[in-house]
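Enquirer: here are the coordinates; sequence isn't available:
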């Protein structure tokens, strides 16, 4: 997804600069990472919500404060680039959700053996929480 975003931004479709393509890739990667974190911490309690909001706020600060944007070499893409990166982010989250919802159809026995406990990775098969081992 990150390399796909970079390639799309640098292709003739958007014609973004190098810094704009890097920013778009960073944004898609961070957005997907926040979604994965959200999926992993469900059900959300106040501490988990604070953690997620804190990470999102730190990322928002990094992309909006001028000296942090300069430090991380973040340069906002054109409106067409923002629309493209938003579409890529939405598609990647949708694909991730489809894979997670269909993961109960995948043989995950090897993951259980790797984890050492038959219920350790049961959350991949559609349960909300991993087993605590109690």
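Expert: Received, thanks. On a predicted model such as this, the values are computed, not experimentally measured, just so you know. Residues are numbered from 1 along each chain as shown.

Enquirer: tell me the SS of residue 16?
Expert: coil (DSSP: H, G, I helix; E, B strand; the rest coil).

Enquirer: quick check: chain neighbours aside, which residue is closest to it?
Expert: Spatial nearest neighbour of residue 16, excluding adjacent residues (C-beta to C-beta, 6 or more residues apart in numbering): residue 9 at 4.2 Å. Bear in mind the C-beta positions are built from the backbone N, C-alpha and C, glycine included.

Enquirer: next, count neighbours for the one you found.
Expert: Residue 9 has 27 neighbouring residues, counting by other C-beta atoms under 10 Å.

Enquirer: what's the host helix or strand of it in contact with?
Expert: According to DSSP states H and E, residue 9 maps onto helix 2-10. The contact list for helix 2-10 (C-beta atoms under 8 Å, 6 or more residues apart in numbering) reads 14, 16, 18, 20-22, 24-25, 28-29, 77, 81, 84-85, 88.

Enquirer: buried ones in it?
Expert: 5, 6, 8, 9, 10 (16 or more other C-beta atoms under 10 Å).

Enquirer: dump those residues to CSV, plus pLDDT.
Expert: CSV is the format used below for those (pLDDT from 0 to 100):
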residue, pLDDT
5, 89
6, 88
8, 89
9, 89
10, 88
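
Enquirer: quick one, the helix or strand that contains residue 32 and helix 2-10 angle?
Expert: In this structure, residue 32 sits in helix 18-40 according to DSSP H and E. When axes from the mean of the first three to the mean of the last three C-alpha atoms, to 10 degrees is applied, the directions of helix 18-40 and helix 2-10 differ by 140 degrees.

Enquirer: sorry, back to before: from residue 92, how far off is the residue nearest to residue 16?
Expert: 14 Å (C-beta to C-beta, to the nearest Å).

Enquirer: hang on, residue 55 packs against residue 35?
Expert: No: because the distance of 11.6 Å does not satisfy C-beta atoms under 8 Å, residue 55 is recorded as not touching residue 35.

Enquirer: pick out the residue closest to the middle of the chain.
Expert: Per C-alpha atoms, centre = their mean, the C-alpha nearest to the average position across the chain is that of residue 32, at 1.4 Å.
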